[in-house]
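Novice: can't give you the sequence, but here's the structure:
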């Protein structure tokens, strides 16, 4: 999810409103989204530090809801800044939070991102495939069609890049139901 100008404007507005009306929980939530949008626009250590701080403030106030999502945002921002090891660490934090708080709804996306990051880092294609396949399996088990399609698309890209086009085509046909020649 690349933040759009609309996301940035809405996060900024939400941050201002929640500050004005002193809505603590939503202020912390809006702060995370605002700093994600800022870190995306200016991918540097300062922006990443502000995003990390926003997430840790959220945790410090006792909040844990949606942390897997927030850590995936941190991972994306780290990746954009070229900090792949930090991005992978954020993925691990998201998965840990999901397990500890039984908030598994974002697991497929976390595993998919892990696979993408591993691929960007030049990891063994078999390890990348395992991460992407895990994402696909989770999305299918949860009947999350959008996350399933994302995982299947990345898996197909990997298979295409590793000269397995028939597997790539089969994966996308199975996921989408589209049987025309891809």
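Specialist: Now that the structure is in, tell me what you want to look at. Just so it is clear, the structure is predicted and the values come from calculations on it, not from any experiment.
Novice: roughly how far does the most centrally placed residue in the chain sit from residue 125?
Specialist: Centroid-nearest residue in the chain, with C-alpha atoms, centre = their mean: residue 72, separated by 3.6 Å. From residue 72 across to residue 125, the span is 23 Å (C-beta to C-beta, to the nearest Å). (Each C-beta comes from the backbone N, C-alpha and C, glycine too.)
Novice: do residue 108 as well
Specialist: In terms of C-beta to C-beta, residue 108 sits 20 Å off from residue 125.
Novice: before we move on, back to that, pretty sure the residue nearest to the centre of the chain sits against residue 108.
Specialist: No - in this structure residue 72 lies outside contact range of residue 108 using C-beta atoms under 8 Å: 10.8 Å.
Novice: where does residue 93 sit, in terms of helix or strand?
Specialist: Using DSSP states H and E, residue 93 falls within helix 84-100.
Novice: and the contacts of that helix?
Specialist: 48, 64, 67-72, 74-76, 78-79, 103-104, 106-107, 110-111, 113-114, 117-118, 120-121 (C-beta atoms under 8 Å, 6 or more residues apart in numbering).
Novice: distance from stretch 115-128 to the middle of the chain?
Specialist: Distance of stretch 115-128 from its chain centroid, counting by C-alpha atoms, centre = their mean, to the nearest Å, is 16 Å.
Novice: ah, wrong one, I meant stretch 153-160
Specialist: From the chain centre to the centre of stretch 153-160 is a distance of 18 Å (C-alpha atoms, centre = their mean).
Novice: for that stretch, give the mean pLDDT please.
Specialist: Throughout stretch 153-160, pLDDT has a mean value of 94.
Novice: sweet, I'm off.
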